[in-house]
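Student: Next one to model:
(chains A and B)
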Protein chains: 2
Amino acid sequence: MGRFFFHPDPQPGKVILLPPEEAHHLEVQRIAPQKDILVGDGKGKLYRGILQGREREGAFVLVVEKVREEDPPYPLFIWQSFLKSPTRMDWLVEKLAEIGVTKIGLFPAERSVRERISEEKMQRLQRIVINACKQSGRVWFPVVQVFTSWEEFLSTLSAAKGGTLFLADPSGEENLLRTLKKGDIRCLLGLIIGPEGDLTEKEKGDLSALGARPVSLGRKILRSETAALVGAALLSSFLEEKLCG
Amino acid sequence: MGRFFFHPDPQPGKVILLPPEEAHHLEVQRIAPQKDILVGDGKGKLYRGILQGREREGAFVLVVEKVREEDPPYPLFIWQSFLKSPTRMDWLVEKLAEIGVTKIGLFPAERSVRERISEEKMQRLQRIVINACKQSGRVWFPVVQVFTSWEEFLSTLSAAKGGTLFLADPSGEENLLRTLKKGDIRCLLGLIIGPEGDLTEKEKGDLSALGARPVSLGRKILRSETAALVGAALLSSFLEEKLCG
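Tutor: Residues are numbered from 1 along each chain as shown, chains lettered A, B, ... in the order given. Purely as a prediction, here's the structure:
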C-alpha cells in the first residue's frame, strides 16, 4: 500500500477538511477534484474519499466508505531519553515509526543535556510520524509521548506492566538477542534507552524496581539513538514473526 | 574504550603527523603537548603516542608503543544502492559503521535516481566512517566502496562468494529473522538493498545467479536506508553472538 492522507476522524457521508500540509501533498501528487483518494485515521482504518476542491484553509474531501481496517500491531514501546541533537531526534522518531514501534516515549534523565522538548518541537515530531507512516503504509500511527519529569515517566512505566521491559545497558549480563531467541518474552515489549552519559545508579534502581531487565545490545558502544534503533529493529522483527509467547 | 585519533600507519619510534581535522579534535579535547594519546590505525591496532605539538599542517605525535590489537570482526557486508538524498546517505553510513558492518558498498542500479557519487562525497563518507568508529571505539574501520556500474558491482559480488548472501526483497518468501534463527548461515554475511523503485527483474536475476537469497525484513514497507539499517542490526547481532555456523 502506498501513500494515503491523514485525517483524525473521517466519517462516511461527511465532508472533511484536510489541513494545508496534507492538501499540499495532494497538489504535489497532482490529484484533481472528483478523483478518489484514500484517507487514514492513524488508528487502523482507511476510507475512500472524493476530492472536492482546494481552498486556502486546506482540501475538502467527501468521505465515501471504509475500505479497510487493520488489527493493531503488537505493542512495542521505545522510551528514549532526550537527545541533545534535534536532527538526531527527528530521524530517530522517523525510523522508529517506519520500523513499527507503537509508542515512542521521550523522557528527561539526570544526565540528559536537553531538559525539555518544546511544544513546537513536539508538533514537528508528530508531523514526522504521520509522514513516515503514510510513506511506509502504516495505518496505525505510533503515539509520541513527551515526559516533563523522571517521576512522570516512572508512573507511566508502572502502568505499562504486564509486558517484558528491557533497559539497554552495555554492562548488562543478558544479551537482548539471546533473550529474544530463548522466547522468554511476552507480546508486549518495551525498551528504555538512557542518555549518552548513561543513567545514574538511582535511576537504574528505579527501573529495576519496576522490573526492567538490563540487556546489552552487543559488544559495541552505540550512540544513544543507534541503540534505540538496533533494539527496535530486533524487537519488532521478533514481534512481527510472532516469536513471542 | 573512548575516543582515539586516527593515523593510517603509526610506527613505534616515529613521529607522525595527524591531519588538521584530527588535530582539531585534540584541540577540542584540550590535550596539551607532552600528554599521552591513543592512535588507531583503523585495522585493529592501537598505539600510545605523545603529543609533540600543533602546527598549521596538523599535530605531531611521537608513537611510543602498541598497546592493543584486536582480531578483525566477522565479515558483514552491506551493499546499498545509491540513495537520492545526500543526508540520508551520510547518516546511513554513520549508523552502519557504528553497528559494525565491515564493508559498505554503494552501487548504482537501473532505477537509482542518483547515477554517481562524487570523489568529494566519497571523502566525506570516509570521514564520517572514521568519526563514527572513533566515537564508538571500533578499532576496525569498515571499508567504503563506491561502484561506478552494475557490472563492476556484480564482479565484486562474485569474488565475495563463500558466505551467505541476502537480497532485501519485500516479496521474498523467506524472512530474514527466521532464516537467521534457523542458524542456516555462515559467518560471512552480505545483504543487498535495492533503490526505492526496486531492482529490475534482470538485476534480480543477476543476483540470484550469484546465489543471493531474497529475504523479507517483515511485513513493513521500509525506506531503502531503513531496510539497510534493520538488516544490519539483525545480521550484526547474530554474528556478534556467534550464532552462525
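
Student: For whichever residue of chain A sits closest to chain B, give me its contacts.
Tutor: Scanning chain A for the residue nearest chain B gives A:A233, at 3.8 Å (criterion: C-beta to the nearest C-beta). Placement of C-beta: from N, CA and C, glycine included. By C-beta atoms under 8 Å, 6 or more residues apart in numbering or on different chains, the residues touching A:A233 are A:I99, B:L229, B:V230, B:A233, B:L234.

Student: residues in chain A within reach of chain B, list them.
Tutor: A:1, A:91, A:95, A:98-100, A:135-138, A:175-178, A:181, A:217-223, A:226, A:229-230, A:233-234, A:236-238, A:240-241, A:243 (C-beta under 8 Å from any C-beta of the partner chain).

Student: related to what we said a few turns ago, so is the residue of chain A closest to chain B in a helix, a strand, or just coil?
Tutor: Following DSSP: H, G, I helix; E, B strand; the rest coil, we place A:A233 in the helix state.

Student: same check, this time on A:R138
Tutor: coil.

Student: what's the neighbour count on it?
Tutor: 24 (other C-beta atoms under 10 Å in any protein chain shown).

Student: One more: A:L106?
Tutor: So A:L106, with other C-beta under 10 Å, has 24 neighbours.

Student: Mind putting the contacts of A:A233 into TSV with distance to A:V143?
Tutor: Compiled in TSV, the contacts of A:A233 are given as follows (distance: C-beta to C-beta, whole Å):
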residue	distance to A:V143
A:I99	15
B:L229	23
B:V230	21
B:A233	23
B:L234	26
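
Student: Switch these over to JSON lines; also include distance to A:P8 and pLDDT.
Tutor: Output for the contacts of A:A233, formatted as JSON lines (distance: C-beta to C-beta, whole Å; pLDDT from 0 to 100):
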{"residue": "A:I99", "distance to A:P8": "23", "pLDDT": "94"}
{"residue": "B:L229", "distance to A:P8": "30", "pLDDT": "97"}
{"residue": "B:V230", "distance to A:P8": "29", "pLDDT": "96"}
{"residue": "B:A233", "distance to A:P8": "33", "pLDDT": "96"}
{"residue": "B:L234", "distance to A:P8": "34", "pLDDT": "94"}
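
Student: Mark which of those are buried, thanks.
Tutor: A:I99, B:L229, B:V230, B:A233, B:L234 (16 or more other C-beta atoms under 10 Å in any protein chain shown).

Student: can I get the CA coordinates of whichever helix or strand the third one is part of in PDB?
Tutor: Per DSSP states H and E, B:V230 falls inside helix B:224-240. Backbone C-alpha positions of helix B:224-240 (Å, rounded to 0.1, in the frame of the first residue of the first chain) are rendered in PDB as follows:
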ATOM      1  CA  SER B 224      15.700   1.800   1.300                       C
ATOM      2  CA  GLU B 225      18.100   3.100   4.000                       C
ATOM      3  CA  THR B 226      15.800   1.900   6.800                       C
ATOM      4  CA  ALA B 227      15.900  -1.600   5.300                       C
ATOM      5  CA  ALA B 228      19.700  -1.400   5.300                       C
ATOM      6  CA  LEU B 229      19.700  -0.500   8.900                       C
ATOM      7  CA  VAL B 230      17.200  -3.100  10.200                       C
ATOM      8  CA  GLY B 231      19.000  -5.700   8.200                       C
ATOM      9  CA  ALA B 232      22.400  -4.700   9.500                       C
ATOM     10  CA  ALA B 233      21.100  -4.600  13.100                       C
ATOM     11  CA  LEU B 234      19.800  -8.200  12.800                       C
ATOM     12  CA  LEU B 235      22.800  -9.600  11.000                       C
ATOM     13  CA  SER B 236      25.400  -8.000  13.200                       C
ATOM     14  CA  SER B 237      23.600  -9.100  16.400                       C
ATOM     15  CA  PHE B 238      23.600 -12.700  15.100                       C
ATOM     16  CA  LEU B 239      27.300 -12.500  14.100                       C
ATOM     17  CA  GLU B 240      28.400 -10.900  17.300                       C
END
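
Student: okay, the angle between it and helix A:224-240?
Tutor: Interaxial angle, helix B:224-240 versus helix A:224-240 (axes from the mean of the first three to the mean of the last three C-alpha atoms, to 10 degrees): 80 degrees.

Student: residue ranges for the strands of chain A, please.
Tutor: Secondary structure of chain A (DSSP state E): strands located at A:5-6, A:15-18, A:36-40, A:45-55, A:58-69, A:76-81, A:103-107, A:143-146, A:164-168, A:174-175, A:189-193, A:213-216.

Student: Columns mean pLDDT on top of the ones you listed, output as a markdown table?
Tutor: Shown next, in a markdown table, are the strands of chain A (pLDDT from 0 to 100):
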| stretch | mean pLDDT |
| --- | --- |
| strand A:5-6 | 94 |
| strand A:15-18 | 96 |
| strand A:36-40 | 96 |
| strand A:45-55 | 94 |
| strand A:58-69 | 96 |
| strand A:76-81 | 96 |
| strand A:103-107 | 96 |
| strand A:143-146 | 95 |
| strand A:164-168 | 94 |
| strand A:174-175 | 90 |
| strand A:189-193 | 94 |
| strand A:213-216 | 94 |
